[in-house]
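# Show me the folded form of this:
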Amino acid sequence: MNENWLVGVLASGEAEDADRLRPRARAIFAAVSGAQMIAHGRNEIAAYDDVIAAYRGSSLLP
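The predicted structure is shown next:
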């Protein structure tokens, strides 16, 4: 369900091939899940923001 939603967001209403976007959607979902696990493990919400900012800074996330 989350991957399908991300595919829709990545397509931005354009006629993009969902199969082509699915691997990127899966990678984004995995990255966000990983950031959540790091923040939870550290019991530090700011760690989530730091990881997401690093992903965005390196163009791994939109």
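
# only C-alpha atoms for contact and neighbour calcs from this point on.
OK.

# now for the protein, which residue lies nearest the mean position of the chain?
Ranked by distance to the mean C-alpha position of the chain (CA atoms, centre = their mean), the top residue is I28 at 2.7 Å.

# thought that one was touching Y55?
No: under the contact definition of CA atoms under 8 Å, I28 does not touch Y55, with a separation of 9.4 Å.

# can you list the weak-confidence ranges in this protein?
Low-confidence segments of the chain (pLDDT under 70): 13-16.

# All the helices of it, in order from the start?
Chain-ordered helices for the chain, with DSSP state H as the definition, fall at 2-11, 18-42, 45-57.

# Can you tell me how far A54 is from A46?
Here the criterion is CA to CA, to the nearest Å. By it, A54 lies 12 Å from A46.

# what's near enough to touch A35?
Under the criterion of CA atoms under 8 Å, 6 or more residues apart in numbering, the contact partners of A35 comprise 47-48, 51-52.

# Report the buried members of these.
Among those, those buried by neighbour count (16 or more other CA atoms under 10 Å) are 47-48, 51-52.

# Redo those residues as a markdown table? Include distance to Q36.
Putting those into a markdown table (distance: CA to CA, whole Å) gives the following:
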| residue | distance to Q36 |
| --- | --- |
| A47 | 8 |
| Y48 | 6 |
| V51 | 9 |
| I52 | 9 |
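
# I'd like to know which of those is nearest to A18.
The nearest member of these to A18, counting by CA to CA, is I52 at 24.2 Å.

# so that closest one sits right up against V32, yeah?
Yes: using CA under 8 Å, I52 and V32 qualify as a contacting pair, with a distance of 7.2 Å.

# for the residue nearest to Y55 when sequence neighbours are not counted, what are its contacts?
Here the nearest residue to Y55 in space, its sequence neighbours aside, is L61; by CA to CA, 6 or more residues apart in numbering that works out to 5.6 Å. The contact partners of L61, by CA under 8 Å, 6+ apart, come to 28, 52, 55.

# what's the closest of the residues you listed to H40?
I52 (14.0 Å).

# who are the neighbours in contact with that closest one?
Residues touching I52, when contacts are defined by CA under 8 Å, 6+ apart, comprise 32, 35, 61.
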